[in-house]
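Q: Pasting the sequence and the predicted coordinates here, then a few questions.
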Amino acid sequence: MDKKVPVISIVGAHNSGKTTFIEKVIRILSNRGYSVAAIKHDPKGKAVTDTPGKDSYRMFHAGAKQVILASPDKITSYVRISDYDPSDLVKKYVVEDVDIIIIEGFKRYKNTDKFEVIRKEEKRELILSEEDGLVGVITDYYSHPLSFDINRPEEFASYLEKHYIKTEKYL
């Protein structure tokens, strides 16, 4: 990657709506002409990235250091690593020039601005504080100095455009 790119993190409890919200924001920003990269944290290693029994799955589980699955419209790379953080992922694996990188998760990583998703039905308090890098909340009820309606992702996309994409905040 040749240029510095702004990076933000969207965090929250399990099943808080992070992925759905991020998907909508990516669609909005992409429709506005921006290139967006996404990094999803799977801290427990439960995400199914390939179908058991298929070739790439079998090769990776046989011990390959890396397996690249090439399709007509995408390339998926499985890389065996021992330790990493978001800055490693950005430097080593984001291959295209993009306008913004949205990270889902990595709530304990200190080097990005964080926005926490919290919904009324969760009946909980915030996981993060300003000391953890919390900038704002994405919510349907929670009062915070900077909050975005979870049902209006276009407002958050506009905020990202103004405060991140068109500035020099990056990892």
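A: Looks like it came in fine.

Q: And for Val117, the neighbour number?
A: Number of residues near Val117 (other C-beta atoms under 10 Å) recorded here: 25. For glycine as for every other residue, the C-beta is placed from the backbone atoms N, C-alpha and C.

Q: tell me the contacts of it?
A: By C-beta atoms under 8 Å, 6 or more residues apart in numbering, the contact set of Val117 is 10-12, 16-18, 21, 137-139, 150.

Q: for Arg80, same thing?
A: Shown in contact with Arg80 (C-beta under 8 Å, 6+ apart): 60, 64-66.

Q: and Gly136, how far is that from Ser77?
A: Per C-beta to C-beta, to the nearest Å, Gly136 is found 33 Å from Ser77.

Q: Next: Leu128.
A: For Leu128, the distance to Ser77 equals 30 Å [C-beta to C-beta].

Q: which residues in the chain form strands?
A: In the chain, the strands defined using DSSP state E lie at 7-12, 36-40, 66-70, 75-79, 100-104, 113-118, 134-139, 147-149.

Q: out of the ones you listed, which comes closest to Ser30?
A: For Ser30, the closest of the strands of the chain is strand 36-40, at 6.0 Å, according to C-beta to C-beta.
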